[in-house]
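1. Compute the structure for the input listed below.
(one chain, ligands or ions: 1)
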Amino acid sequence: MSDYFCGLNIFVMKEKLRIGLFGYGVVGQGLYDVLQSTPAFDATIAKIVVKEKKERNLPDSMFYYNPDEILEDPEINLIVELIDNSEDAYKIVKKALQKGKNAVSANKKMLAEHLEEMVSLQKENNVSLLYEASACGSIPIIRSLEEYYDNDLLLSVTGILNGSSNYILSNVFDHNQSYDDALKEAQDLGFAESDPSFDVEGYDSLYKLIIITLHSFGIIVKPENVLTYGISNISEFDINYAREKRFKIKLVGQVERLKDQNITLFVLPRFVGRDKYIYSVEEEFNGVVVKGKAYDKQFMFGKGAGGHPTSSAVLSDITALAHDYKYEYKKLNYFKEFKYFKNGTVEIYLRYSDSSVLKNFKFDSISEEYNGPKYSYKIGFVKLSSLIEINSLLRELDIFIALTGKSLNY
Ligand SMILES: NC(=O)c1ccc[n+]([C@@H]2O[C@H](COP(=O)([O-])OP(=O)(O)OC[C@H]3O[C@@H](n4cnc5c(N)ncnc54)[C@H](OP(=O)(O)O)[C@@H]3O)[C@@H](O)[C@H]2O)c1
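-> Numbering: from 1, shown residues only. From the prediction side, this is the model:
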């Protein structure tokens, strides 16, 4: 490169970034590596706070164990929070913002549970909190919703938001593995936690969907008010049913605009045919379909997890902060207020073995049913609100539910 271009340095910043990093696990170490490979970007990790003393691949002198080592250090002008404990993450990020420091976080649970406060804290303290890595890892969905899809055309965002459950479903459908074997393999490869419920019960997708919903339609919905059902009850019967119809089953999070300034959102398994973009999202990948008036459908695909992919989104937030970027939360401010509508009617497949469970479901109509010696199923329309009312019970019953993709009354 000529001296002329070096002189132009696109990364010129007003103030050198001195980063205080919380957490040196999968993503924290990924960020350290990724920063080493972008020498043009002049930022230094000044201190790292972790939970406990252990052998690490950096000098001991870099590590601290008290959050105030970073939060009270006036030389540190940016904090990057990459820890795995959402309550501690909340305290760290809140204090950083109150202290006037910009922050980056990847903690979807913390963010989804405290979005309203996080938006206010930024405004009150005139600071910026960015969190691209919290939803779909390396896929730049939040900034795209905030900057590109910043108008009234957006109709829905639908995605495979969780890599672990997709890895499991992918192995079940493409490699004929049993659910238990696929889960074990995902755990052995580090895609799923030893307690996989966060991923397979749909909570990880839910927290991401809450964040996506804010940036799509400017509305903050409480996670506990959203229908969330995962894949842990899937049986061979359900898999065979889907195969016979040439479908795959995918765990899908969706937020959709309805008529009259209403939106609806949910996380549910869904039968997906070949004609859908997400049909071909396999293994630990994520895929997001953005649908709008005028442009119809657009599809973003990429790695939703892993140290390096996730830290590439963290790096992008850091460089954005170096250029004074902040989310304007345009849709919170500019749009007419959207309301969360729970009374939409969707068509579900309900598989059960004991017909006594049926008393919990209020079908408006039934289009298909089967009664077998071990398993039976019904396909019909139900109100989302009737499923939200029994959301925790759904996980306890010996049933499996999947959306067929048809909906009414929207
Ligand atoms: N892994 C991914 O692919 C991925 C993708 C997207 C988003 N995320 C999000 O990124 C964050 C980090 O995930 P991870 O996979 O990197 O976690 P991880 O590998 O389990 O590492 C967690 C790190 O946090 C540190 N830690 C925990 N509690 C702490 C506390 N109270 N104070 C200071 N440090 C603390 C741990 O310290 P020790 O080293 O001392 O144990 C460890 O270094 C999470 O919010 C996660 O949801 C992860």
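2. Kindly provide the distance from the single nearest residue of the stretch 301-410 of the chain relative to the ligand to Val226.
-> Using Cβ to the nearest ligand atom, the single residue of the stretch 301-410 of the chain nearest to the ligand is Ala305, 3.3 Å away. Glycine gets a C-beta too; all of them are placed from N, C-alpha and C. Relative to Val226, Ala305 is positioned 22 Å away (Cβ to Cβ, to the nearest Å).
3. my read: the residue of the stretch 301-410 of the chain closest to the ligand touches Ser165, true?
-> No: in this structure, Ala305 is not within contact of Ser165 by Cβ atoms under 8 Å, at 11.4 Å.
4. Please say which of those two ends up with more neighbours.
-> For Ala305 versus Ser165, neighbours defined as other Cβ atoms under 10 Å are more numerous around Ser165 (29 against 23).
5. nearest residue to that one other than its sequence neighbours?
-> Leu251 (4.6 Å; Cβ to Cβ, 6 or more residues apart in numbering).
6. How is that neighbour assigned, secondary-structure-wise?
-> Using DSSP: H, G, I helix; E, B strand; the rest coil, the structure places Leu251 in strand.
7. burial of it, as a residue count?
-> For Leu251, the neighbour count with other Cβ under 10 Å is 28.
8. Contacts only, for it.
-> Shown in contact with Leu251 (Cβ atoms under 8 Å, 6 or more residues apart in numbering): 160, 162, 165-166, 169, 202, 205, 230-231, 267-270.
9. taking the residues you listed one by one, which sit in helices?
-> Among the contacts of Leu251, the ones falling in helices (DSSP state H) are Ser165, Asn166, Leu169, Ser205.
10. hmm, which of those are the buried ones?
-> Ser165, Asn166, Leu169, Ser205 (16 or more other Cβ atoms under 10 Å).
11. who touches the spatially closest residue to the residue of the stretch 301-410 of the chain closest to the ligand that is not a sequence neighbour in this structure?
-> Closest residue to Ala305 apart from its sequence neighbours, by Cβ to Cβ, 6+ apart: Gly163 at 4.5 Å. Neighbouring residues of Gly163 by Cβ under 8 Å, 6+ apart: Gly137, Phe191, Glu283, Glu284, Phe285, Asn286, Lys303, Gly304, Ala305.
12. cutoff 6 Å now
-> With contact set as Cβ atoms under 6 Å, 6 or more residues apart in numbering, Gly163 has these partners: Glu284, Asn286, Gly304, Ala305.
13. Closest one to Tyr327 out of the contacts of Leu251, please.
-> Taking Cβ to Cβ as the measure, Tyr327 sits nearest to Ser205 out of the contacts of Leu251, at 21.5 Å.
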